[in-house]
Each structure stands twice: as structure tokens, then as C-alpha cells.
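K.L.:
Based on what follows, work out the 3D shape:
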Amino acid sequence: MPAAPQPVRIALIGAGTMGSYHARVISQSADAELACIVDPDAVNGADLAERFGSRWVPKLDDLGPFDAVVVASPTEHHVEWATEALAAGKPLLVEKPLSESVTEVEHLVSEAERRGVPLTVGLLERYNPALMTVLDIVEAPVHVATVRHSPYVDRIPTGVAFDLLIHDVDLVLRMAKQQPVDVKAHFAYVHPKSAPESEDVVEATLLFSSGLVASLSASRVSQRKIRTLEIAELDRLVEVDLVRQDITVYRHVGADFLSGAQTGYRQQTVIDIPTIEYRKEPLAAQLDHFVDLIRGDADPAAELATLVAPHRVVAQTMESGA
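P.N.:
Below you'll find the model as predicted:
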């Protein structure tokens, strides 16, 4: 029997909220080891390292002792860290967005391809069990409507398009299997704590040559977290709650108006509730995929081919609403 592969030694960049989530799943994985946590903040970095049995360092001058890198630093530092990791030949997972500049995203993807280094981005909904199951179910969508609303979070300076909308753009592109032929959007800049150029609400519409229309709503000024998806096909409606990770399928049978004492409307609908496959925490499933890319059990070239498009479409959304 061949020996089990050694755990992948991962250097985690960033000791903030997202960094703490990555630290937890890495430390819990049998296939990964949290080699160190890198953050210029000694208090946060040392505290997180102690909590998960690792060590804190303020910076990495030499990436040599590590097998791979996870970048969970603020967005404005993603390109800097990704460039350093690629130059050192280290596989890396970078939190979304890779960059808000499509040119920088294209450059990093090209560098990863040229150097033969695995690169992926934290588009976490790709690993949501409900969404993974839906992609197995849906055949010919004609209308997709997404809602991704959240309460305001002070720590996120990035506008809502690259913070939230990018997830739904990514999943619509995966369903459509093509680029949109038209992109339109409207923005609201309403929260007093937001930077003047950081949008708080986006309402976007994507049109595809297949006839598919996608209506995407993203907001960070809601009073509750909403992550819903409705996919209309000609013979059914697939409704998904990405927070609860459940799916309901509706098939219309008939309808008629009621008269007399019970005036109203009656609808007959068949409801199916599919079993959710792939039951695993999305962040842990994402780490598993990253390890597979590192070990050659997943195709790094196929992964790279999926990274530019969602960034490009979000950028088009920003341009259309300017």
C-alpha cells in the first residue's frame, strides 16, 4: 500500500476575519498544515497563530519553506502577494477578487500559466453544496434571478460589486457556459461610512446570446443576510437558498379563479425537494480542491480558464453603471 502523501504546508497571509476562517479549516484538515500566519499586526497575527497551533511572522522574505500560500489579506494587497508567490513557484489561493483590475487579473493568470503554478481564487459559492447540486439539475435556464444582500460591515472597503456580486456573476457564467452579449447596471451610494467611490447596492442585468436573461441584486445595506437564487426553465422553477443550502423545484399544473364565498385564485403546483449532494462546508471543500490542484489531482489549466471571466464581467458591470 503506498504511503499517504504528506500534508501540504500552507503559509496564510492575513490574520483578519477571513484569515481566521482559513486558519480554522487548514488546521482541521488532514491534508494541510498551517505552517505560519503572516501579518504585520503583531497582536492579531500572534493571537491567531496561538489559537490554531501555528507561528506568526510579520513578513515572508523567503517563501522557500512552504509548499503553498493562501492570501486572505485586504484586496489592495492581493496582487503584491500573488506576484511574490508566483515568482517563488508556490501554488496559491487568493481571496476574491484577485484584483479589481482586469489587466492585473489577466497578467497574474498568464504568469501562473507561464510558470506552471496552480492558482485559484476564493469564489466560495462554487463549493456550496446546494449550488453544486443545482448545476447537476439545471438543463436549459431562460431566466436567472439572484439576491445577495447583507448588513453593512465596516471592515470591507471594497464596493459591493467585487465583494458580493462577483459570486453570482460567476455562477451565472457557469450555467450559461458563455459570455454575456450585453451588461447593464444601476448603483446606489448611500451608506455614510462607505468611500465615495464604493457602491453599496448594485442591480445588474446580463443578457446572453442563448436568450438567457440574468437579474442580479447585491446590497450591503440590508438588515439580514439573504442568498437566494431562482432559475426558470420552460417546464419548471428551481428555487435555491444558499444560506440554508436547500432546493425546491416547482412545476405548474394548472390554475383557475374561485367564485362565490371563496373568491380568489387557486394554483396547482407539483413540488419536488431534491436531495443535496456534496455535503461539506464550502471553505473546507475549497481547501480540498486547492490541495488537489497542488498534488495534480485536479487540472490547474482548467482552473485558470475560469478565473478571468467573472472579474471581466464585474468590470463591465461597473463600466455600464458609471
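
K.L.:
and the longest strand for this protein?
P.N.:
strand 246-258 (DSSP state E).

K.L.:
Show me what that one is packed up against.
P.N.:
Packing partners of strand 246-258 (3 or more CB pairs under 8 Å, 6 or more residues apart in numbering; DSSP states H and E): helix 129-137, strand 236-241, strand 264-272. All C-beta spots, glycine's among them, are computed from the backbone N, C-alpha and C.

K.L.:
Tell me which strands it pairs with, and in which orientation.
P.N.:
Strand 246-258 sits in its sheet next to strand 236-241 (antiparallel), strand 264-272 (antiparallel), going by DSSP bridges.

K.L.:
now the shortest one, how far from the centre of its chain.
P.N.:
Strand 236-241 has its C-alpha centroid displaced from the chain centroid by 20 Å (CA atoms, centre = their mean, to the nearest Å).

K.L.:
can you give me the strands for the protein?
P.N.:
Counting by DSSP E, the strands of the chain are 8-13, 32-38, 56-57, 68-71, 92-95, 119-122, 143-149, 182-188, 201-207, 213-219, 226-233, 236-241, 246-258, 264-272.

K.L.:
can you give me how far the longest one is from the chain middle?
P.N.:
The reference is to strand 246-258. 31 Å.

K.L.:
circling back: for the longest strand of the chain, which residues meet the burial criterion?
P.N.:
Neighbour counts over strand 246-258 (16 or more other CB atoms under 10 Å) mark 247, 249, 250 as buried.

K.L.:
Please dump the residues you listed into TSV; it should also carry pLDDT and distance to residue 180 for every row.
P.N.:
Output for the buried residues of strand 246-258, formatted as TSV (pLDDT from 0 to 100; distance: CB to CB, whole Å):
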residue	pLDDT	distance to residue 180
247	97	25
249	97	26
250	97	26
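
K.L.:
Turn those residues into TSV, including distance to residue 295.
P.N.:
Formatted as TSV, these follow (distance: CB to CB, whole Å):
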residue	distance to residue 295
247	32
249	37
250	42
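
K.L.:
quick one: which of those is nearest residue 288?
P.N.:
Of all the buried residues of strand 246-258, residue 288 sits closest to residue 247, with 22.3 Å by CB to CB.

K.L.:
Quick check, that closest one in contact with residue 237.
P.N.:
No: the pair residue 247 / residue 237 is not scored as a contact, 11.1 Å apart, by CB atoms under 8 Å.

K.L.:
ok, back up a step: please convert the helices and strands packed on strand 246-258 to CSV, extending it with mean neighbour count, mean pLDDT and distance to residue 200.
P.N.:
Shown next, in CSV, are the helices and strands packed on strand 246-258 (neighbours: other CB atoms under 10 Å; pLDDT from 0 to 100; distance: least, CB to CB, whole Å):
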stretch, mean neighbour count, mean pLDDT, distance to residue 200
helix 129-137, 18, 94, 25
strand 236-241, 18, 97, 23
strand 264-272, 10, 89, 36
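
K.L.:
Redo those as a markdown table? Include distance to residue 317.
P.N.:
Shown next, in a markdown table, are those (distance: least, CB to CB, whole Å):
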| stretch | distance to residue 317 |
| --- | --- |
| helix 129-137 | 20 |
| strand 236-241 | 22 |
| strand 264-272 | 33 |
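
K.L.:
Between the ones you listed, which one is closest to residue 40.
P.N.:
helix 129-137 (35.3 Å).

K.L.:
chain center to that closest one, what's the gap?
P.N.:
Using CA atoms, centre = their mean, the offset of helix 129-137 from its chain centre is 15 Å.

K.L.:
Just the CA trace of that helix, in PDB.
P.N.:
Listed next in PDB are the C-alpha coordinates belonging to helix 129-137 (Å, rounded to 0.1, in the frame of the first residue of the first chain):
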ATOM      1  CA  PRO A 129     -23.500  22.000  -1.700                       C
ATOM      2  CA  ALA A 130     -26.900  23.400  -2.900                       C
ATOM      3  CA  LEU A 131     -25.300  25.200  -5.900                       C
ATOM      4  CA  MET A 132     -23.200  22.200  -6.800                       C
ATOM      5  CA  THR A 133     -26.400  20.100  -6.800                       C
ATOM      6  CA  VAL A 134     -28.300  22.700  -8.800                       C
ATOM      7  CA  LEU A 135     -25.700  22.700 -11.500                       C
ATOM      8  CA  ASP A 136     -26.300  18.900 -11.900                       C
ATOM      9  CA  ILE A 137     -30.100  19.600 -12.100                       C
END
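
K.L.:
Tell me the predicted confidence for the residue sitting furthest away from the middle of the chain.
P.N.:
Largest separation from the mean C-alpha position in the chain: residue 260, at 51.7 Å (CA atoms, centre = their mean). Listed pLDDT for residue 260 reads 74.

K.L.:
Residue 320 now?
P.N.:
For residue 320, pLDDT reads 87.
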